[in-house]
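In: My questions are about this predicted structure, shown below with the sequence.
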Amino acid sequence: MSACDEIRDLLSLAAADALEPDEDERVSRHVHDCPACAAELDNWQLLARGLRRLPTPQPAAGVVERARARAELAFGEVAEQRWNRNVLAFLIAFAWTLTVLSWPIVRILSGGLASWFTTRLTPTWYAFAGLTALGWVAGGIAAMVLAWHQRRERRLA
């Protein structure tokens, strides 16, 4: 590849002032000595000046406003989803902590301190475990119903 071919690849960028300083210097030196490349650079600069004079298209005010409103709505939905995930994670952590802490208390209250040293579980303990499981299942069903209801509202809106 000749020096002119390398410089010709850079002429359009030189006309748009998009070259690095060292490349710009290299093009300037070459154009000073090469009339063919200088003429091509003049053509590129003429084109660049013409493009700069063209008016910048402006979207209609209604288009901009609708796009802004849609973006605002999308950002609001993302923020709401993040908030809902954080609240749900907190509630699950709180419920598990409450469950884990309440089981020993119920075991001590139902069988006394000695119940910690036996492997036999009392009927009260089974009832408590069943109610806890029922509470978790009911909470899961309630969460699914709320999620379904929220999706349905979003589709209708």
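Out: Yep, that arrived.

In: Where does the most centrally placed residue in the chain sit, in terms of helix or strand?
Out: Of all residues in the chain, the one closest to the mean position by CA atoms, centre = their mean is Val78, 8.5 Å from it. Take DSSP states H and E as the rule and Val78 turns out to sit in helix 61-111.

In: quick check: mean pLDDT across that helix?
Out: Mean per-residue pLDDT for helix 61-111: 84.

In: going on from that helix, what's the next piece of helix or strand?
Out: helix 123-156.

In: what mean pLDDT does that following helix have?
Out: Mean pLDDT, helix 123-156: 82.

In: what packs against it?
Out: Packing partners of helix 123-156 (3 or more CB pairs under 8 Å, 6 or more residues apart in numbering; DSSP states H and E): helix 61-111. For the C-beta atoms, the positions are set from N, CA and C on the backbone; glycine is no exception.

In: Packing partners of the helix it packs on?
Out: Short answer (3+ CB pairs under 8 Å, 6+ apart): helix 61-111 packs on helix 123-156.

In: List the buried residues of the helix it packs on.
Out: 125, 128, 132 (16 or more other CB atoms under 10 Å).

In: Next: stretch 48-59.
Out: For stretch 48-59, the neighbour count (16+ other CB under 10 Å) marks Ala48 as buried.

In: CA atoms only: put that stretch into PDB for me.
Out: Below are the C-alpha coordinates for stretch 48-59, written out as PDB (Å, rounded to 0.1, in the frame of the first residue of the first chain):
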ATOM      1  CA  ALA A  48     -18.000  18.600   5.300                       C
ATOM      2  CA  ARG A  49     -18.800  22.300   5.200                       C
ATOM      3  CA  GLY A  50     -21.900  21.600   3.300                       C
ATOM      4  CA  LEU A  51     -23.100  19.000   5.700                       C
ATOM      5  CA  ARG A  52     -22.500  21.300   8.700                       C
ATOM      6  CA  ARG A  53     -24.700  24.000   7.000                       C
ATOM      7  CA  LEU A  54     -27.600  21.600   6.700                       C
ATOM      8  CA  PRO A  55     -30.400  22.100   9.300                       C
ATOM      9  CA  THR A  56     -30.500  19.700  12.200                       C
ATOM     10  CA  PRO A  57     -33.800  17.800  12.000                       C
ATOM     11  CA  GLN A  58     -35.900  18.400  15.100                       C
ATOM     12  CA  PRO A  59     -38.700  16.000  16.100                       C
END
